[in-house]
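Chemist: Sequence and predicted structure are below.
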Amino acid sequence: MRLLLGLWFGFLTLWGGEGFNGKSLVITLPSPAGTVLMNERNISVVLHPTDKTKGIAILPIDYYTPTGDINLTWVAPGNNEPLSINIQTALYPTETLSVDPALVSPPPEALERIAAEKAQAETIYGHFTPIRYWDKPFIQPLDTFITSEYGSARTYNGSLKSYHGGIDFRARTPIPILAANDGIVVLAQERYYSGGTIIIDHGEGIYTCYFHLSRFNIHVGDRVERGQSIALSGATGRITGPHLHFGMMVHGIQTDPLNLITQFNALFPKDANETLTLR
Ligand SMILES: [Zn+2]
């Protein structure tokens, strides 16, 4: 049994049996079959992008996941294998922000809209499209420096406490925002908190989100390609200044996008990543 578990840890691509709150995990499995049972959820095992004899499972790990072990079972024909991932506490920075008070304590007339938008987002992110739209490594949606990391513990106007669910990139003037990979546009809309918002479905439970945009170049239902200019950055929604907020969802769970991109791209040969030329 000990030997079996030892072999199993070898299949973990990046973390070697360890994980961190807020950082979903891509694990590689010896065949592209079955599901991984995780916290009473069945996570589909899908094809490894470059080795069709193997499978991967993208395990959603929420920001609020407590430290300790998560016990998993790979359930596949002829296999019923246990695996344990040890979750440790990620070190995230702390931020204090001042925004329009109406965005911290929304006026009563905005509450219905906010609730409807939240429900709409949950429906989108909870939908598993059993198709993979991408076959190349992911890219960043723009090539500027990061002004706020994923996971920062935030206090808004001295009261509202939350955490930063994505990554902010500097974009002081409107600049083109690129699709991080191929996919289908499932939302392109002005929203209360996130302003001009685009969500792209990449298939198999993976979504990328682009917030605070000033102009859309695409419509809902469009198929977009990696690197396609989908919008211009802007300063709409709950913000302290113009920037792009970039997020990623995994099976309905918000996750550290650049960490997940790094894990996806590690599944490709090195030269596939070297062809990525950001502006
Ligand atoms: Zn942000």
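Modeler: Thanks, I have it.
Chemist: Give the closest residue to the residue most central in space within the chain in space, chain neighbours not counted.
Modeler: Centroid-nearest residue in the chain: Met248, 2.0 Å away (criterion: C-alpha atoms, centre = their mean). Of all residues beyond its chain neighbours, the one nearest Met248 is Pro257 (3.7 Å), with distances taken as C-beta to C-beta, 6 or more residues apart in numbering. Where C-beta positions appear, they are placed from N, C-alpha and C, glycine not excepted.
Chemist: per-residue confidence at the residue of the chain found nearest the ion?
Modeler: Nearest residue of the chain to the ion: His245, at 3.3 Å (C-beta to the ion). You'll see His245 listed with a pLDDT of 97.
Chemist: what's the distance between His219 and Gln189?
Modeler: Going from His219 to Gln189 by C-beta to C-beta, to the nearest Å gives 11 Å.
Chemist: neighbour count winner among those two?
Modeler: Legend: neighbour count by other C-beta atoms under 10 Å for His219 and Gln189, higher for Gln189 (14 against 8).
Chemist: quick one, phi/psi of the more buried one?
Modeler: Taking degrees, to the nearest 10, you get phi -160, psi 150 for the backbone angles of Gln189.
Chemist: Could you find the closest non-adjacent residue to it?
Modeler: Nearest residue to Gln189, sequence neighbours excluded (C-beta to C-beta, 6+ apart): Thr197, at 5.7 Å.
Chemist: so that neighbour sits right up against Ser214, yeah?
Modeler: No - the criterion here is C-beta atoms under 8 Å, and Thr197 misses it with Ser214 at 11.6 Å.
Chemist: So if I had to pick from the two, which one is more boxed in?
Modeler: Higher neighbour count among Thr197 and Ser214: Thr197, with 25 against 18, using other C-beta under 10 Å.
Chemist: Check which helix or strand the residue found closest to Ile239 once you drop the neighbours it is linked to in the chain maps to.
Modeler: Take Ile239 and drop its neighbours on the chain: the residue closest to it by C-beta to C-beta, 6+ apart is His212, 5.6 Å away. If you go by DSSP states H and E, His212 is part of strand 206-216.
Chemist: any bit of that strand sitting next to the ion?
Modeler: No - judged by C-beta under 5 Å from the ion, strand 206-216 makes no contact with the ion; its nearest approach is 6.6 Å.
Chemist: Buried by neighbour count: which residues of that strand qualify?
Modeler: By 16 or more other C-beta atoms under 10 Å, the buried positions in strand 206-216 come out as Ile206, Tyr207, Thr208, Cys209, Tyr210, Phe211, His212, Leu213, Ser214, Phe216.
Chemist: likewise stretch 227-235?
Modeler: For stretch 227-235, burial by neighbour count (16+ other C-beta under 10 Å) applies to Gly227, Ile230, Ala231, Leu232, Ser233, Gly234, Ala235.
Chemist: Switch those residues over to JSON lines; also include distance to the ion and secondary structure.
Modeler: Output for the buried residues of stretch 227-235, formatted as JSON lines (distance: C-beta to the ion, whole Å; DSSP: H, G, I helix; E, B strand; the rest coil):
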{"residue": "Gly227", "distance to the ion": "22", "secondary structure": "coil"}
{"residue": "Ile230", "distance to the ion": "17", "secondary structure": "strand"}
{"residue": "Ala231", "distance to the ion": "15", "secondary structure": "strand"}
{"residue": "Leu232", "distance to the ion": "17", "secondary structure": "strand"}
{"residue": "Ser233", "distance to the ion": "12", "secondary structure": "strand"}
{"residue": "Gly234", "distance to the ion": "13", "secondary structure": "strand"}
{"residue": "Ala235", "distance to the ion": "12", "secondary structure": "coil"}
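Chemist: Most widely separated two among those?
Modeler: Across the buried residues of stretch 227-235, the longest distance by C-beta to C-beta is 24.0 Å; it joins Gly227 and Ala235.
Chemist: Now Lys52. Nearest residue, chain neighbours left out?
Modeler: The shortest distance from Lys52 to any non-neighbouring residue, by C-beta to C-beta, 6+ apart, is to Pro32 (7.0 Å).
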